[in-house]
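Chemist: Predicted model, plus sequence, below.
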Amino acid sequence: MFEVFKKELTELLRDKKTLLFVVVFPIVVFPLLFAVVAFISSQAALDAEQKVNTYVIINGDYAPEFTDKVFYHKSFELYKGDKTFNSVEELKTGVNAGDIDMGIYLPSDAVQTLNEQQQSEWQVVFNDSKSINFLFERVKELAKEYSDTLQESKLLSFGIDKSAQEAILKPVNVVKVDTADKRENLGEKVGGFLPYLLIPLVLVGATYPAIDLGAGEKERGTLETLLLTPITRTELVLGKFITLLTTSIASTTITVISMGCWIALALAFADLEFIKAAFSTLAITDLLMIFVLLLPIAATFSALALAISIYARSFKEAQNYMTPLSMVVFFPIIISIMPNMELTSKTAFIPVTNVALAIKEIVKGTVDYTLVGLIFLATAFIAGALLAFCVKWFNREDVLFR
């Protein structure tokens, strides 16, 4: 068995593609990919926030204070073109044509409607898909300031001073008293997405080498030679399985270490308090517990990938089978971040979901160690069953020589 393991591992290490997927991708590509996505997202949000939007206000003289606030705001610039706008429909046409970014329609004098005990409804016309909602929120904020001013003046005219206005307008003030500590709050936000990184990496570390160990042997014509050696088929399967388990865990470990190094490097050059707070709460024991939970799931993926590869006739056919497998693995992870999904004695038996929930609870610092043990045993049982199936699969001639 160990001779097969050494032979397969040596061949994989000689394969440049395997080294690319198992070593280079985790060290460089994945961290770089996350960094690029984060940079592009933040840059897009920054550009949207700093963009100066062209606007038109119809009936701006109904609220001159508000009109002045918009005019002097750094995010808005008054339209200076030749077109005229007199209705909401014309504002819509102007926005869709790209002549203006936003139009504001004031149908009536806000002061007059307030005196008549009515509410003035203003309409903001814009394309919400392009503004990331910054535009509307800014106008809404300026309108609220103007509305608060009118409200205060009206209440003062009724003889209600400023100190009493707040109590009248908001007689009950609800204050949140959070019993969760800082780690639990951050863990709920960060811990739910950590499985999105770790579990797919465990799968990637097993699937690509598995294709070469099964279907690759068939294509190269070396499977028949391997079967003639004085080694039982069970030992052959176990040797290949241990090889996949090694590459899967190695890929995940390298990725975690690489991510840690990149984060430490980023913190050395930037003051990222949120990242510091999120990762400083994790102890070595927590990281070890996450690693231990990943072992049986790595064994599960390794056994499943090897069974699929053994069944496939060619390298290409094996690749086609692995793609749906990757998609199927993501569904249990998605379930783990759904609202009200918690780690319980029931969810501890849902494959993949249980590990994802456990990782989140570990990051939060609220994990139940009994459930962690239950998850480990349940996942190990599934891995053992799949490995037994893989051994049986390898002993069938109609599977090996399809």
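Modeler: Yes, it's here.
Chemist: CA only for contacts and neighbour counts going forward, please
Modeler: Will do.
Chemist: just for the stretch 151-300 of the chain, where's the confidence low?
Modeler: The stretch 151-300 of the chain contains residues with pLDDT under 70 at 180-182, 186, 189-190, 256, 259-260, 262-282.
Chemist: Parallel or antiparallel, which strands does the longest strand along the chain pair with?
Modeler: The single longest strand within the chain, with elements called by DSSP state E, is strand 53-58. Here strand 53-58 is paired, per DSSP bridges, with strand 76-78 (parallel), strand 102-105 (parallel).
Chemist: Any idea how far apart the tips of stretch 305-323 sit?
Modeler: Distance across stretch 305-323, first residue to last, is 11 Å (C-alpha to C-alpha, to the nearest Å).
Chemist: Show the average pLDDT along it.
Modeler: Averaging pLDDT along stretch 305-323 yields 86.
Chemist: neighbouring contacts of it?
Modeler: Defining contact as C-alpha atoms under 8 Å, 6 or more residues apart in numbering, one finds that stretch 305-323 is touched by 206-207, 210-216, 218-219, 240-241, 389-390, 393-394, 399-402.
Chemist: now stretch 227-238
Modeler: For stretch 227-238, contacts defined as C-alpha under 8 Å, 6+ apart pick out 1, 4, 390, 391, 394, 395.
Chemist: how about that stretch: buried residues?
Modeler: Across stretch 227-238, burial judged by 16 or more other C-alpha atoms under 10 Å covers 233, 234, 235, 236, 237, 238.
Chemist: ok, now stretch 330-345?
Modeler: Those buried within stretch 330-345 under the rule 16+ other C-alpha under 10 Å are 330, 332, 333, 336, 337, 342, 343.
Chemist: and the gap between the closest residue to residue 76 other than its chain neighbours and residue 99?
Modeler: Once flanking residues are discounted, residue 76 sits nearest to residue 53: 4.8 Å by C-alpha to C-alpha, 6 or more residues apart in numbering. Distance of residue 53 to residue 99, computed by C-alpha to C-alpha: 11 Å.
Chemist: how long is stretch 63-79 from one end to the other?
Modeler: Start and end residues of stretch 63-79 are separated by 18 Å (C-alpha to C-alpha).
Chemist: How about residues contacting that stretch?
Modeler: Stretch 63-79 is contacted from outside by 49-57, 60-61, 100, 109-110, 139, 142-143, 146, using C-alpha under 8 Å, 6+ apart.
Chemist: Show me the helices in the stretch 101-250 of the chain, by range?
Modeler: With helices called from DSSP state H, counting those that start in this stretch, the stretch 101-250 of the chain shows them at 110-115, 128-131, 134-157, 162-169, 182-190, 194-213, 215-220, 223-227, 233-269.
Chemist: who touches the third one?
Modeler: Defining contact as C-alpha under 8 Å, 6+ apart, one finds that helix 134-157 is touched by 48-49, 53, 65-66, 69-70, 111, 124, 126, 161-162, 165.
Chemist: returning to that earlier point: just so I know, which of the helices of the stretch 101-250 of the chain lies nearest residue 361?
Modeler: helix 182-190 (7.5 Å; C-alpha to C-alpha).
Chemist: thought residue 300 was touching residue 386?
Modeler: Yes - taking contacts as C-alpha atoms under 8 Å, residue 300 lies within contact range of residue 386: 6.8 Å.
Chemist: neighbour count winner among these two?
Modeler: Set residue 300 next to residue 386 and count neighbours by other C-alpha atoms under 10 Å: residue 300 wins out with 26 against 21.
Chemist: Find the residue closest to the more buried one in space, skipping its chain neighbours.
Modeler: Nearest residue to residue 300, sequence neighbours excluded (C-alpha to C-alpha, 6+ apart): residue 383, at 4.1 Å.
Chemist: Next up, the contacts around that neighbour.
Modeler: Going by C-alpha under 8 Å, 6+ apart, residue 383 touches 296, 297, 299, 300, 301, 303.
Chemist: which of those residues has the most neighbours?
Modeler: Most surrounded of the contacts of residue 383: other C-alpha under 10 Å gives residue 303, at 32 neighbours.
Chemist: which SS state does it fall under?
Modeler: Using DSSP: H, G, I helix; E, B strand; the rest coil, the structure places residue 303 in helix.
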